[in-house]
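**Student:** test case, fold it:
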Amino acid sequence: MGAFRRRIGWVFGLQSLTVVGVSVLGLYDVAPTAVVIAVIVLATAFAWLATRREWRPVRALARLVSRWEGQPFDPAALHLDQLSAGTDADVASLARGLHGFATRLAGYNQRERNFTRDASHELRSPLTVIKMSIDMLAEEEGLTDFGMRSVRRIKRATREMEVLVEALLILARETDSAIDDEYFVVNDVLHREVESARELIAGRPIELLLDEPARFALRGSPQAFSVLCWQLIRNACEQTEQGSVVICVLPGAVSVRNRIPPQMAGDHPRPLRARGADRHGFELAIAQRISERFDWPLELQTLPGRENISRIRFPRPLSIGEMSGSGQQL
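**Tutor:** Presented below is the predicted three-dimensional model:
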């Protein structure tokens, strides 16, 4: 039996003996009733204080674990070196178990981050070579129509790989990186992403539109925002066989919706079979990870008529005036 239970047993045993003894004295009029009540109250208070003192290490561990909610595990926070020789065996065993678990989890996270970062860096060099080679090939005279279509497909695939590598680097980066604390205008980034995304729908009956009823700025990572929007736009384009993809900038939010013409959403189910039919595909998985990393809530919604909407909300949007006041260039 652990020392904790022994000490608690002694505390409540002494309290019980004290209460029984003073009650007997009061029953035979050996001690006044006021004294009996006072002794019972004092014994109860002593038992409560002693129990609270014994429970303090367990309460400290509970507070520490509750602070780990959504935060990185810090094995050193358990301070095993400060455990006294009189620490209860059960509490010490619990602390050592938590320390071992936190150490293994922190090591796993670090190895995953290192692998993702190193693999992403290694992929950058061959992607650069492919981009340069395909640009030179596109300028080659006498290239057939089939060759030009192949060049466009390779360019699209290269662009998608570039964004994927950038997403992996963002997820592998430490949260306190300086490049995650920049000011940027949301609309400007979206203009660039929409122009890049037009290559995805070249030759397809899809209209890509950017609606800007609002204009605002953010403080964070423009690279992360760019990759997040690209994944949502690409997912919407892959889900749409014919129709339109609309990116809308709202106050403190950005939405991406793929619309399908009414004549296709009714009695013609076959044309709705888009190439990216899985609503929770790889693009959305990457987008979800980035949104959680930067605290930009991502909402997915499917409306009647087969209209899919992806909406990103930004808890702390900035007006263009606030961004100008911070000394940033627009």
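**Student:** helices of the stretch 101-250 of the chain, residue ranges please.
**Tutor:** Along the stretch 101-250 of the chain, counting by DSSP state H, counting those that start in this stretch, helices occupy 145-172, 186-197, 222-239.
**Student:** okay, these, which one's buried deepest?
**Tutor:** helix 222-239 (a mean of 24; mean count of other C-beta atoms under 10 Å). Any C-beta I mention is one placed from the backbone N, CA and C, and that applies to glycine too.
**Student:** show me where pLDDT drops low in the protein?
**Tutor:** In the predicted model, the chain carries pLDDT under 70 at residues 1-6, 64-65, 67-90, 174-180, 260-281, 305, 322-330.
**Student:** please, where are all the strands along it?
**Tutor:** Shown for the chain, the strands assigned by DSSP state E span residues 182-185, 206-211, 217-220, 243-250, 253-259, 298-303, 307-313.
**Student:** mean neighbour count and distance to residue 15 added to those strands, as a markdown table?
**Tutor:** Shown next, in a markdown table, are the strands of the chain (neighbours: other C-beta atoms under 10 Å; distance: least, C-beta to C-beta, whole Å):
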| stretch | mean neighbour count | distance to residue 15 |
| --- | --- | --- |
| strand 182-185 | 18 | 63 |
| strand 206-211 | 15 | 73 |
| strand 217-220 | 20 | 58 |
| strand 243-250 | 20 | 64 |
| strand 253-259 | 21 | 60 |
| strand 298-303 | 13 | 56 |
| strand 307-313 | 19 | 56 |
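**Student:** any chance of CSV for these, columns distance to residue 129?
**Tutor:** Converted to CSV, those look like this (distance: least, C-beta to C-beta, whole Å):
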stretch, distance to residue 129
strand 182-185, 29
strand 206-211, 29
strand 217-220, 32
strand 243-250, 31
strand 253-259, 32
strand 298-303, 34
strand 307-313, 33
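**Student:** if we can go back for a sec, for the helices of the stretch 101-250 of the chain, give me CSV that also has distance to residue 62.
**Tutor:** Formatted as CSV, the helices of the stretch 101-250 of the chain follow (distance: least, C-beta to C-beta, whole Å):
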stretch, distance to residue 62
helix 145-172, 31
helix 186-197, 41
helix 222-239, 34
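**Student:** so which of those helices gets nearest residue 295?
**Tutor:** Nearest to residue 295, of all the helices of the stretch 101-250 of the chain, is helix 222-239, at 11.1 Å by C-beta to C-beta.
**Student:** which other helices and strands contact that closest one?
**Tutor:** Applying 3 or more C-beta pairs under 8 Å, 6 or more residues apart in numbering; DSSP states H and E, we find helix 222-239 packed against helix 145-172, strand 182-185, helix 186-197, strand 206-211, strand 243-250, strand 253-259, helix 282-293, strand 307-313.
**Student:** could these be laid out in JSON lines, adding distance to residue 116?
**Tutor:** Converted to JSON lines, the helices and strands packed on helix 222-239 look like this (distance: least, C-beta to C-beta, whole Å):
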{"stretch": "helix 145-172", "distance to residue 116": "4"}
{"stretch": "strand 182-185", "distance to residue 116": "22"}
{"stretch": "helix 186-197", "distance to residue 116": "23"}
{"stretch": "strand 206-211", "distance to residue 116": "31"}
{"stretch": "strand 243-250", "distance to residue 116": "28"}
{"stretch": "strand 253-259", "distance to residue 116": "26"}
{"stretch": "helix 282-293", "distance to residue 116": "11"}
{"stretch": "strand 307-313", "distance to residue 116": "23"}
